[in-house]
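Engineer: Fold the following and give me the result.
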Amino acid sequence: MEGRVDAPDRSGRVAVGLFVGIGVLAFALRASYVRKHPWLPLSGNDNTWYATVGRSFAEGDWGRVPGLDGKLVDSARFPHAYPLVLAVGQRLLFWIRPYWAQLWTSAALGTAGALLTTALAWRLTAAATLRLRVVAAFSTGALIACNPVVIGASAALMSEVLYVPLVAAFLLLVDAVMAKPATVSIWILLGIVVAGAAFTRGEGLVLLGVPLVALAILHRHSRPVRVGLLAVVGSATLMVVLWSAVLSMAAGRPVLMSTNGASVLFGATCPQALHGDGRGSWDGECLPPPDDEMSPALRAALQTPVKDPFALAPQWSVPVEAELGSLHLQSALHRMGDDPGAIIGTIPFRWARAVGVLTTHYDERVSFFEGRDADLERVGALLQKVVVLPLVVLFLVALARRRSRLGSALREVVEPVRLVPAGLLVATWLVLITATYGSARFRQPVEPVFALVCGLAVASIRGALQPRPIAPGLTRGR
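Structural biologist: Numbers count the residues shown, from 1 in each chain. This is a model prediction of the structure:
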C-alpha cells in the first residue's frame with residue numbers, strides 16, 4: 001500500500017527532473033550556437049524581413065518598414081505571427097540590443113519546442129511502466145534538443161522555428177480532446193494554436209486543419225468531438241479569410257495570407273530546381289518574369305539598387321508585392337503546363353530531401369543564405385540518416401508486426417490509436433511537400449513527430465530486451 005501511495009509522487013519528481021534536464025540541455029545548445037553562429041542580415045533574405053518587421057512591431061510602428069520613398073509602408077511578404085513573437089521577446093528583453101533580443105527569443109522558442117515534445121511523449125506513454133516512460137520521454141526530448149538541424153533553425157530567425165512548439169502543442173491538445181471530454185479552455189487553446197500556425201506560414205492552416213477534419217470524420221459518431229474539431233477549423237479559416245480579404249483590398253487583387261505565397265511554387269519550377277543537384281529543391285535566384293508583363297511601379301522597384309547589403313532593402317508596399325506574386329504564380333503554372341513530366345519527376349527528390357535521405361552541395365550553398373551553418377547542417381543530415389531514419393523504420397516494423405516481441409513491447413509503451421493525429425499530420429505534410437519542395441527547413445513541422453517516433457522506438461527496444469516473467473505452473477524447456 002505504501003508503494004502505491006508513493007508512486008504518483010515519485011512519478012512527479014521524475015517528470016520534474018526530466019523536464020528541467022531537457023530544458024537546460026536544449027537552451028544551452030541553442031545559446032552556444034547563437035553565440036558562435038549568429039545569422040548575417042543580408043538585405044534580400046527572409047530572416048532579415050522577419051527581424052525588421054518584428055523590430056517595427058516592438059517599436060510601435062505596427063509592422064511598417066521603410067519604403068522606396070523613405071516613408072513607412074506595409075509589407076505582407078509573409079504572415080506576421082513570427083515577427084509578433086520576436087517583438088514580444090524584444091520588449092521583454094528591453095535591456096538587450098534588438099538583434100540579440102530576437103535571437104534569444106528564437107532560442108527560447110526552440111527550447112519550448114523541445115519541452116513540449118518531451119511532454120507529448122510523457123503523456124502518450126502514461127500507461128507504460130515508469131522506467132519505459134522515462135526512456136521514451138528522455139529519448140524524444142534529447143533528440144529534438146540536440147538535433148543540429150532544429151538547433152540551427154532556432155537561431156536563423158526563420159518562421160519555421162515557431163512550427164516546432166506549435167505542432168507539439170497541437171498534438172498534445174488533440175490527444176487531450178480525444179482522451180476525455182475536453183474543457184472549454186482546451187478547445188480555445190487548440191483554436192489559438194491552429195490560428196497561430198496559419199499566421200506563421202501560409203500553408204499552416206492546411207497543415208493542421210486537414211488532420212482535424214480527418215479526425216472529425218473518424219469521430220463522426222461522437223458529436224461533441226466532431227463539432228469541436230470542426231469549430232476549431234472553421235474559426236481559424238474565418239480568420240484567414242478575413243485577413244486575406246484585408247490584404248486583397250490593400251493590394252487591389254486577390255491575395256491569400258501573404259504576397260509572397262506564390263514564390264515557393266515559382267522557385268520550385270525553375271530550371272535549377274528541376275535538374276542537377278538542386279532537383280527537388282528551390283531556386284532563389286530564378287529570373288523574374290519578362291519586363292513587358294510588369295507595371296512601371298514593379299519595374300522600377302526591381303531596378304532599385306541595394307544601398308546597404310546588411311539591412312532590409314526598401315520594401316515595395318503591398319500592391320507592388322502582390323503584383324509580383326501574381327506574375328510568379330502565372331509563370332509557375334505556365335512552366336508546369338509546358339513540362340509536367342519534369343515537375344512530376346521531381347516529386348521523389350522532394351520527398352527524399354524532406355525526410356533527409358538526399359542532401360547535396362546545393363543544400364549547403366542555400367543554408368548559408370538562410371542563416372544556418374553549413375557544417376552543423378552536415379552533422380544534422382548525418383544524424384537523420386544514421387539515427388533518426390533507422391529508428392523510424394524500426395518503429396514502423398514494430399507497428400506492423402504487432403505479435404512480434406518488438407511489436408508487443410511497443411504496445412506496452414503506447415496505444416497505437418493515440419498516434420493517429422501524428423500520422424495524419426505527416427501525411428498532410430508529405431502532400432504539401434509534393435506540391436512545393438523538400439528541404440531540411442520544411443521538415444520543421446514534423447520534427448516533433450520524428451523525435452516522438454524515435455523515442456517510442458528506443459523504449460520499445462528497451463521493453464523487448466527485458467526478461468519476460470514466466471507464467472505460474474510453467475517450467476523452462478530443457
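
Engineer: Break down the stretch 101-250 of the chain into its helices, ranges please.
Structural biologist: 130-146, 148-155, 160-179, 184-198, 204-218, 223-251 (DSSP state H, counting those that start in this stretch).

Engineer: Report the mean per-residue pLDDT for the third one.
Structural biologist: What it means is helix 160-179. Averaging pLDDT along helix 160-179 gives 95.

Engineer: returning to what we had before: just the helices of the stretch 101-250 of the chain: most buried one?
Structural biologist: Most buried of the helices of the stretch 101-250 of the chain, by mean neighbour count (mean count of other CB atoms under 10 Å): helix 148-155, with a mean of 27. Backbone N, C-alpha and C define where each C-beta goes, glycine included.

Engineer: Restrict it to CA atoms and write it as CSV.
Structural biologist: Taking C-alpha atoms only, helix 148-155 is exported to CSV below (Å, rounded to 0.1, in the frame of the first residue of the first chain):
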residue,chain,number,x,y,z
PRO,A,148,21.6,20.2,-35.2
VAL,A,149,19.0,21.0,-37.9
VAL,A,150,16.5,22.0,-35.2
ILE,A,151,19.2,24.0,-33.3
GLY,A,152,20.1,25.8,-36.5
ALA,A,153,16.5,26.7,-37.2
SER,A,154,16.2,28.2,-33.7
ALA,A,155,18.9,30.8,-34.4
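
Engineer: For that helix, which helices and strands make contact with it?
Structural biologist: helix 2-36, helix 98-124, helix 160-179, helix 374-383 (3 or more CB pairs under 8 Å, 6 or more residues apart in numbering; DSSP states H and E).

Engineer: can you put the helices of the stretch 101-250 of the chain in TSV and add distance to L456?
Structural biologist: Output for these, formatted as TSV (distance: least, CB to CB, whole Å):
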stretch	distance to L456
helix 130-146	6
helix 148-155	18
helix 160-179	13
helix 184-198	23
helix 204-218	19
helix 223-251	24
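
Engineer: Confidence-wise, which of those helices is weakest overall?
Structural biologist: Note on the helices of the stretch 101-250 of the chain: helix 148-155 shows the lowest mean pLDDT, a mean of 90.

Engineer: What sits closest to F94 if chain neighbours are left out?
Structural biologist: Once flanking residues are discounted, F94 sits nearest to A101: 7.7 Å by CB to CB, 6 or more residues apart in numbering.

Engineer: Hmm, V85 and that neighbour touching each other?
Structural biologist: No. With contacts counted by CB atoms under 8 Å, A101 stays clear of V85, the gap being 11.8 Å.

Engineer: quick one: what helix or strand has C454 in it?
Structural biologist: Element membership of C454, judged by DSSP states H and E, is helix 447-465.

Engineer: Flag every buried residue along that helix.
Structural biologist: Neighbour-count burial for helix 447-465 flags 447-464 (criterion: 16 or more other CB atoms under 10 Å).

Engineer: and if you look at stretch 284-303?
Structural biologist: Buried residues in stretch 284-303, counting neighbours by 16+ other CB under 10 Å, are found at 284, 286, 289, 294, 298, 301.

Engineer: Lowest-confidence member of those residues, which is it?
Structural biologist: The minimum pLDDT among the buried residues of stretch 284-303 falls on G284, with 72.

Engineer: my guess is that residue meets R365, correct?
Structural biologist: No. Assessed by CB under 8 Å, G284 is found out of contact with R365, at 10.0 Å.

Engineer: which residues does the closest residue in space to A214 that isn't next to it in sequence contact?
Structural biologist: Distances taken as CB to CB, 6+ apart place L424 nearest to A214, at 5.1 Å, with adjacent residues excluded. Neighbouring residues of L424 by CB atoms under 8 Å, 6 or more residues apart in numbering: 210-211, 214-215.

Engineer: Not counting its neighbours along the chain, what's nearest H361?
Structural biologist: Spatial nearest neighbour of H361, chain neighbours left out: D277 (5.9 Å); criterion: CB to CB, 6+ apart.

Engineer: Measure how buried that neighbour is and give me the count.
Structural biologist: For D277, the count of nearby residues is 14 (other CB atoms under 10 Å).

Engineer: pLDDT value on I96, please?
Structural biologist: pLDDT for I96: 95.

Engineer: and it, which of the three is it?
Structural biologist: Assigned with DSSP: H, G, I helix; E, B strand; the rest coil, I96 falls in the coil class.

Engineer: Could you report the distance from it to R35?
Structural biologist: Distance of I96 to R35, computed by CB to CB, to the nearest Å: 13 Å.

Engineer: swap in F27?
Structural biologist: Distance from F27 to R35, by CB to CB: 12 Å.

Engineer: same deal with D291?
Structural biologist: For D291, the distance to R35 equals 45 Å [CB to CB].

Engineer: Likewise for M257?
Structural biologist: Between M257 and R35 the distance is 34 Å, computed by CB to CB.

Engineer: Which one of those two is surrounded by more residues?
Structural biologist: Just comparing M257 and R35: by other CB under 10 Å the higher neighbour count belongs to M257, 22 against 11.
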